[in-house]
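Novice: For reference, the sequence and a predicted model appear below.
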Amino acid sequence: MALAKRVIPCLDVTGGRVVKGVNFVGLRDAGDPIEIARRYDAEGADELTFLDITASSEGRGLILKVIEDVAAQVFIPLTVGGGVRSVEDVRLLLNAGADKVSINTSAVQNPRLVLDACARFGSQCIVVAVDAKRVAGSSPPRWEVYTHGGRRATGLDALEWGRRMQAAGAGEILLTSMDRDGTRQGFDLALTRAFSDALEIPIVASGGVGSIDHFSAGVLDGRADAVLAASVFHYGELTVDAVKTHMAAKGIVVRHRGAPYRAVV
Amino acid sequence: MNTIAVVDYGMGNLRSVAKALEHVAPQCRVLVTSDAAVIAEAGRVVFPGQGAMPDCMRELECRGLRAAVVDAARHKPFLGICIGLQMLFEASEEGDIKGLGLFRGKVVRFAAAAMTDAEGFKLKVPHMGWNEVRQEHARSEPLGQRAASTRRDEYAHPLWHSIPDNSRFYFVHSYYPQPDDTAIVAATTCYPFRFTCAVARDNIFAVQFHPEKSQAAGLALLRNFAAWDGAAPSWSVDNDASA
């Protein structure tokens, strides 16, 4: 067998509560992050990603408390992103219990941040989140990097940016298609495949999952190393367990949910 | 006796390791410490590490913790994790700095040219995610020729107690150990070739993966460590006798 492809539920968090945006607009409150994290862990999630979509200064401290509480009860890797602006922000999140910190907008504004954070804490804990949007009419397709939750175009070519971030030391890319995010039409497989082929570091595919087939397509056609989704899990349409069973039936190596931990054997 | 010292030399997040130990060993006091005296007094020691091995070695030296760590590794139940395993070897391709040299051998990087899967697709580095950990006998002769019917429990290291063979553990690393002495190999995994991901000798057990992030299997390993008296299993004693 081999390294398992990872299935990662994503929790969008603001004010200490989990929400899910549809195209980043129209948020719906739907729960307590600790309970949700525990449920995903029990279902066999390989990792959890928390995106702090508050990202405003007054709400910042709340995500640290959320991560501290989750890390004391859920023993799988935790990635946290959203509003990470400095090496100090990275340090606070890691100390709170995050295993990886995802940097997005600030990496574009200050590419040195990724270099500095990797030098200080190691590539293994620095993820660069790339929000990419297909350039209208481009053929072969090209993608442009967007920041600020997808609101601001940067003029940067996404693949070129991915290569630069890999060179700066990023340990992983969290790749979100802004065209697909919230649409439930599936990942942008061409985008995912282009990144996976071009880079040596793992690619997490994100944005657009609406059905169970989309996960296996992300791996088989997009060559993603991990597949991330929020709303299909969050509203209980699919369980992580069901997704993995489906992926395994398609010949993808996954980690099956084991027996829960027992204190005494 | 019931204290577990988690060695803190300033390299990254130790909360996960401490929280996981507290979760599985409520009877123990878990102390995250950079005090050599606390390490010396602790009943058992966990030696984690993140980032780059040369940086970790430098920080360990700067904080004057080298002697305390080496002493603990000689005398009490000792668990190395990730870079904490790599530092036990003599050297690493990651930098010029020497390791602690408790195990002969070195730490090498996944070679780009070798990184393709059975279908010819590129494998990514870091090796990041959940991989199957095969528990090895750690006795050199039977490694390749083990009879399929051999019950392995009687040989198994106490830290594998109740953990099914080939359980998946969480990895994130770009370098892996190449021990000179195959007798210390306690587990292997494949990416895409088989390599050593756990070593054991006497009171030392060290893993390349992250038990604190490996859900039930990882928690079981930590629980086993918290209960371990540091005695090596019988094969290791045999090994010493023949050496």
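Specialist: Here it is on my side, so go on.

Novice: just the strands in the chain please.
Specialist: Unless you meant another one, I'm taking chain A. With DSSP state E as the criterion, chain A has strands at A:6-14, A:17-22, A:25-29, A:48-52, A:78-81, A:100-103, A:126-134, A:143-147, A:152-157, A:172-177, A:203-206, A:226-229.

Novice: The intended chain is chain B.
Specialist: For chain B, the strands defined by DSSP E occupy B:3-7, B:29-33, B:44-47, B:78-81, B:91-92, B:95-98, B:105-109, B:127-135, B:167-173, B:175-179, B:185-190, B:194-201, B:204-207.

Novice: Could you tell me the least trusted of the ones you listed?
Specialist: Lowest mean pLDDT within these: strand B:95-98, a mean of 92.

Novice: Sheet partners, orientation included, of it?
Specialist: strand B:91-92 (antiparallel) (DSSP bridges).

Novice: Against chain B, how distant is residue A:235?
Specialist: For residue A:235, the distance to chain B equals 24 Å [CB to the nearest CB, to the nearest Å]. (Glycine included, C-beta is placed from N, CA and C.)

Novice: Would you mind giving the strands of chain B as TSV with mean neighbour count and distance to residue A:79 added?
Specialist: Shown next, in TSV, are the strands of chain B (neighbours: other CB atoms under 10 Å in any protein chain shown; distance: least, CB to CB, whole Å):
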stretch	mean neighbour count	distance to residue A:79
strand B:3-7	24	23
strand B:29-33	18	22
strand B:44-47	27	23
strand B:78-81	26	19
strand B:91-92	20	26
strand B:95-98	13	27
strand B:105-109	18	24
strand B:127-135	23	11
strand B:167-173	25	11
strand B:175-179	20	22
strand B:185-190	22	22
strand B:194-201	22	23
strand B:204-207	26	22
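
Novice: what stretches of the stretch 1-150 of chain A score poorly on pLDDT?
Specialist: The model of the stretch 1-150 of chain A has pLDDT under 70 over residues A:1, A:20-30, A:55-59.

Novice: So which bits of it are right by chain B?
Specialist: Neighbours of chain B within the stretch 1-150 of chain A, by CB under 8 Å from any CB of the partner chain: A:1-6, A:41, A:46, A:68, A:71-73, A:75-77, A:94-99, A:120-125.

Novice: Which single residue of chain B ends up nearest chain A?
Specialist: residue B:51 (3.1 Å; CB to the nearest CB).

Novice: In terms of pLDDT, where does that residue sit?
Specialist: Turning to residue B:51, the model gives it a pLDDT of 87.

Novice: can you check residue B:15 too?
Specialist: So, for residue B:15, pLDDT stands at 84.

Novice: what does residue B:121 give?
Specialist: For residue B:121, the predicted pLDDT is 89.

Novice: and what of the one 5 residues further on?
Specialist: You'll see residue B:126 listed with a pLDDT of 95.

Novice: what does residue A:257 give?
Specialist: Per-residue pLDDT puts residue A:257 at 83.

Novice: Equivalent analysis for residue B:137, please.
Specialist: Residue B:137 carries a pLDDT value of 68.

Novice: quick revisit: what about the residue of chain B closest to chain A, how many neighbours?
Specialist: The number of residues packed near residue B:51 is 21, by other CB atoms under 10 Å in any protein chain shown.

Novice: In contact with the closest residue to it other than its chain neighbours, which residues?
Specialist: Computed as CB to CB, 6 or more residues apart in numbering or on different chains, the closest residue to residue B:51 that is not its neighbour in sequence is residue A:122, at 3.1 Å. Counting by CB atoms under 8 Å, 6 or more residues apart in numbering or on different chains, residue A:122 touches A:171, B:12, B:50, B:51, B:52.

Novice: again, but for residue A:158
Specialist: The contact partners of residue A:158, taken as CB under 8 Å, 6+ apart, are A:130, A:132, A:142, A:143, A:144, A:145, A:191, A:195.

Novice: before we move on, what about residue A:216?
Specialist: Going by CB under 8 Å, 6+ apart, residue A:216 touches A:246, A:247, A:250, A:252.

Novice: Quick check: it vs chain B, distance?
Specialist: According to CB to the nearest CB, residue A:216 and chain B sit 15 Å apart.

Novice: circling back to that earlier point, what's the closest of the strands of chain A to residue B:90?
Specialist: Comparing these by their distance to residue B:90 (CB to CB), the top pick is strand A:126-134, with 28.7 Å.

Novice: picking up where we left off before, and of the contacts of residue A:122, the nearest to residue A:235?
Specialist: Nearest to residue A:235 out of the contacts of residue A:122 is residue A:171 (CB to CB; 30.8 Å).

Novice: what about stretch B:110-122, how long is it end to end?
Specialist: 13 Å (CA to CA, to the nearest Å).

Novice: Indicate whether it makes contact with chain A.
Specialist: Yes. Contact of stretch B:110-122 with chain A (CB under 8 Å from any CB) involves B:112, B:117, B:118, B:121, B:122.

Novice: now do stretch B:6-20
Specialist: Yes. Residues of stretch B:6-20 are located near chain A by CB under 8 Å from any CB, namely B:12, B:13, B:15, B:16, B:19, B:20.

Novice: circling back to that earlier point, are any of the contacts of residue A:216 buried, and if so which?
Specialist: Burial by neighbour count, 16 or more other CB atoms under 10 Å in any protein chain shown: within those this picks out A:246, A:247, A:252.

Novice: Next step: those restricted to helices.
Specialist: Cross-referencing these against helices under DSSP state H gives A:246, A:247.

Novice: What sits closest to residue B:5 if chain neighbours are left out?
Specialist: Nearest one to residue B:5, counting by CB to CB, 6+ apart, is residue B:42 at 3.5 Å.

Novice: For the stretch 101-250 of chain A, which segments count as helices?
Specialist: A:105-109, A:112-121, A:158-168, A:189-198, A:212-220, A:231-234, A:240-249 (DSSP state H, counting those that start in this stretch).

Novice: Give me the distance from the second one to the chain's centre.
Specialist: When you say that, I think you mean helix A:112-121. Chain-centre distance of helix A:112-121: 19 Å, with CA atoms, centre = their mean, to the nearest Å.

Novice: helices or strands next to it in the packing?
Specialist: Secondary-structure packing of helix A:112-121 (3 or more CB pairs under 8 Å, 6 or more residues apart in numbering or on different chains; DSSP states H and E): helix A:87-96, strand A:100-103, helix A:105-109, strand A:126-134, helix A:158-168.

Novice: mean pLDDT for the helices of the stretch 101-250 of chain A: which is lowest?
Specialist: Lowest mean pLDDT of the helices of the stretch 101-250 of chain A: helix A:231-234, a mean of 87.

Novice: which outside residues touch it?
Specialist: So helix A:231-234 is contacted by A:9, A:11, A:18, A:20, A:22, A:30-31, A:36, A:40, A:182, A:184, A:209-211, A:237-240 (CB under 8 Å, 6+ apart).

Novice: With stretch B:198-206 instead?
Specialist: Stretch B:198-206 is contacted from outside by B:47, B:73-81, B:84-85, B:88, B:102-103, B:133, B:138, B:157, B:159, B:177, B:179, B:183-187, B:207-209, B:225, B:228, B:230-232, B:236, B:240, using CB under 8 Å, 6+ apart.

Novice: Tell me who's in contact with the closest residue to residue A:41 other than its chain neighbours.
Specialist: Nearest in space to residue A:41, with sequence neighbours left out and distances taken as CB to CB, 6+ apart, is residue A:74 at 4.7 Å. By CB under 8 Å, 6+ apart, the contact list for residue A:74 reads A:37, A:38, A:41, A:48.

Novice: Roughly how far does residue A:74 sit from residue A:13?
Specialist: Look at residue A:74 and residue A:13: by CB to CB, to the nearest Å, they are 14 Å apart.
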